[in-house]
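**Student:** return atomic coordinates for the entry below.
(4 chains)
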Number of protein chains: 2
Amino acid sequence: MSSLTEVAREAGVAVSTASRVLSGSEHPISERTRARVLAAAERLHYSPSALARAMVTSHSRLIGVLVSDIDNPYFSVIARGVDDVATKAGYVTMLSNVDRRTTTEINRLQAMRDYRAAGVVFAGSGYVDDPQHGALADAVRRAREQGVRAVTLADRDLGCPSLTVDNRAVAQDITGHLIARGHRRVVFIEGPTGMTVSRHRREGFLTAMRAAGLETNAACHPGGFDYDAGHAAALRLLARRPLPDAVLAANDEVAVGALRALRQAGLDVPRDISVAGMDDLRIAEFTGLTTVSLPLYEMGSLAARHIIDATADTATNTVLSHRIAARDTVARKQGC
Amino acid sequence: MSSLTEVAREAGVAVSTASRVLSGSEHPISERTRARVLAAAERLHYSPSALARAMVTSHSRLIGVLVSDIDNPYFSVIARGVDDVATKAGYVTMLSNVDRRTTTEINRLQAMRDYRAAGVVFAGSGYVDDPQHGALADAVRRAREQGVRAVTLADRDLGCPSLTVDNRAVAQDITGHLIARGHRRVVFIEGPTGMTVSRHRREGFLTAMRAAGLETNAACHPGGFDYDAGHAAALRLLARRPLPDAVLAANDEVAVGALRALRQAGLDVPRDISVAGMDDLRIAEFTGLTTVSLPLYEMGSLAARHIIDATADTATNTVLSHRIAARDTVARKQGC
DNA sequence: TTGTAGGCGTTATCAC
DNA sequence: GTGATAACGCCTACAA
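**Tutor:** Modelled structure (predicted):
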């Protein structure tokens, strides 16, 4: 309620003076006036309007993050990474769920641009041949022209810096891990159709299989990114003989769904069959799932840092490294 | 970059006219002028400054949510609930993690107040005898005096409306569920010491036990709210004989930790021992955990709705209902 | 139906 | 050291 003007009046000084002490300016101020202003502000429960401040300085200290669904642990770690550095730097995080819809993504980006966000982090993956991709890229370009920095955490060609992992390599490495442990009939439960990340992980899987001279016919099975998809896919797998040696799932949640279906069917994982995932979310730890650890928290925090430390905003593409997290769901076959 | 002024100039009209068409005002405007303004705005990639708009209308359309940790599924569902109604109403969600620190909570509330948030949702629980409680309550009072609506989703006496579940009843009901199924030696793995919610759940557990005339000496065991706490507590339980009939954990994650420790020790859950949790997060579904379902999403969405539909802001305390989610980790003993 | 002008709460630029 | 004052971008009487 109370503005700088009132604080100034209460302290018996000019607004400019009050502003100087309250905004922590370098300008020299006598100790006496400073104390007086501080006291007045305290007395009036003064809360500086970040809105007004943002307008005049053209620095909103707002940072946006666009996630598919914050209730998905993959994204909540990223959001946590963003918010930690944002808060430390005196920024506030704006969050929006876009449910993997590009048009929603455009709308929310627009909303954040209206608030003059210092930058926006695109956490989600894109789609192959997305008809809306051009519109999004345009929106990003315009936002950037206006001073909104953008960072994407997935391979999606938005014309802005990216901070990603190499999902092909991720899948290839974990597949190699399986193969190195003697598994030959390895099947892959794919991610949602059309998503770039699904495509990449599938390619990585196939590359590793072929490199090992393994059969890939009928090795890929439709799935999704959630528990039910993994459960259902495993059930379908169970209906056919021979059973594969190992199941690689498109992500951890799918792997856990498959794991449960397999175990409910009376199989011993990993003795009878091995299971692996990708992402390394907490659920993987809980279940002892062998998976690939991704630097999700770092992706979030680095993205925020890029936005805040307004260094060169050239469209650099940084690829972060991953590592296998070997746990209990993958067996080592005899002689391997 | 381009302001209303420029759009007006480009369209050859006055700013007020441009404002009227662009802000969707009721004011009558000729179709011709409207089209012209719209075209100009489009051409200039105009993005209305939500900051300026907020200043003059004193409606920021910003809604804040304070969570302990967004990477904790309990809070991410709540945040999802808040954001869904916020977005639908044309608001933007601000998020802050406070790591259960009251002073941080005060700081973040302050930050949101600086941005003139329409309201702030306090998602986390408080502490018993928290020395900072008074300071927080004061901060909330001042924020409210300034027009920031506040809603708490836990029992914490902040002088603002609350939207809670009855955690005593939650624990009492699930304990009753265990007892009704013939379990007599039931132990409770407590939540973090000092948290109000831990205290309430413990009380509910004890009430149910005593009501059934069951022994409660040494029935409560220190724990926490995470997987490791549950795992460790179960290990300690395992070291003593006789083993309890059932283990009730302070929340789902603890239950899952205990579940795993028990199974790793070779016990069959629920044949040898039963396990139950509280919250009903997705992990409970995945593991088939018997637990208590809480309306977390609703708490978030209702809180947001309360803030947005600026109806009477009286400090009403609404208690939402919970229900037992019986799944696979609780056995029914002979004759029950 | 359109235009003019005042003000929202700050910071920044100049004087004093 | 301190104080006027002009922006920032927008909405909203009020006037025409």
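**Student:** elements contacting the helix or strand containing residue A:255?
**Tutor:** Taking DSSP states H and E as the criterion, residue A:255 maps to helix A:252-264. Applying 3 or more CB pairs under 8 Å, 6 or more residues apart in numbering or on different chains; DSSP states H and E, one finds that helix A:252-264 makes contact with helix A:227-238, strand A:246-249, strand A:274-276, helix A:282-287, helix B:282-287. Glycine gets a C-beta too; all of them are placed from N, C-alpha and C.
**Student:** list of residues touching the shortest one?
**Tutor:** Pointing back at strand A:274-276 there. If you take CB atoms under 8 Å, 6 or more residues apart in numbering or on different chains as the criterion, strand A:274-276 is touched by A:174, A:177-178, A:181, A:183, A:245-249, A:255, A:258-259, A:262, A:269, A:289-291, A:329-331.
**Student:** cool, and stretch A:217-233?
**Tutor:** A:186-193, A:202, A:205-206, A:209, A:236-237, A:249-251, A:253-261, B:282, B:285-286.
**Student:** and the strands in the stretch 51-200 of chain A?
**Tutor:** A:62-67, A:92-97, A:119-122, A:149-152, A:162-165, A:186-189 (DSSP state E, counting those that start in this stretch).
**Student:** between those strands, which one is nearest to DNA strand D?
**Tutor:** strand A:62-67 (15.0 Å; CB to the nearest atom of the strand).
**Student:** quick one: strands adjacent to the closest one?
**Tutor:** strand A:92-97 (parallel), strand A:119-122 (parallel) (DSSP bridges).
**Student:** hmm, back to that, now, of the contacts of stretch A:217-233, which are buried?
**Tutor:** Among the contacts of stretch A:217-233, the ones that count as buried by 16 or more other CB atoms under 10 Å in any protein chain shown are A:186-192, A:202, A:205-206, A:209, A:237, A:249-251, A:253-261, B:282, B:286.
**Student:** quick one: mean pLDDT for the helix holding residue A:255?
**Tutor:** The average pLDDT for helix A:252-264 rounds to 97.
**Student:** quick one: that helix to helix A:227-238, angle?
**Tutor:** 50 degrees (axes from the mean of the first three to the mean of the last three CA atoms, to 10 degrees).
**Student:** so where's the stretch 201-336 of chain A uncertain?
**Tutor:** A:312-315 (pLDDT under 70).
**Student:** go again using 80 as the cut-off
**Tutor:** Low-confidence segments of the stretch 201-336 of chain A (pLDDT under 80): A:310-315.
**Student:** which one of the residues in it is closest to DNA strand D?
**Tutor:** residue A:310 (18.1 Å).
**Student:** so what does that residue have for phi and psi?
**Tutor:** In terms of degrees, to the nearest 10, the main-chain angles of residue A:310 are phi -60, psi 70.
**Student:** give the contact list for it.
**Tutor:** So residue A:310 contacts A:118, A:149 (CB under 8 Å, 6+ apart).
**Student:** turn the strands paired with strand A:62-67 into JSON lines, including mean pLDDT, distance to DNA strand C and mean neighbour count.
**Tutor:** Below are these laid out as JSON lines (pLDDT from 0 to 100; distance: least, CB to the nearest atom of the strand, whole Å; neighbours: other CB atoms under 10 Å in any protein chain shown):
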{"stretch": "strand A:92-97", "mean pLDDT": "98", "distance to DNA strand C": "16", "mean neighbour count": "25"}
{"stretch": "strand A:119-122", "mean pLDDT": "98", "distance to DNA strand C": "20", "mean neighbour count": "28"}
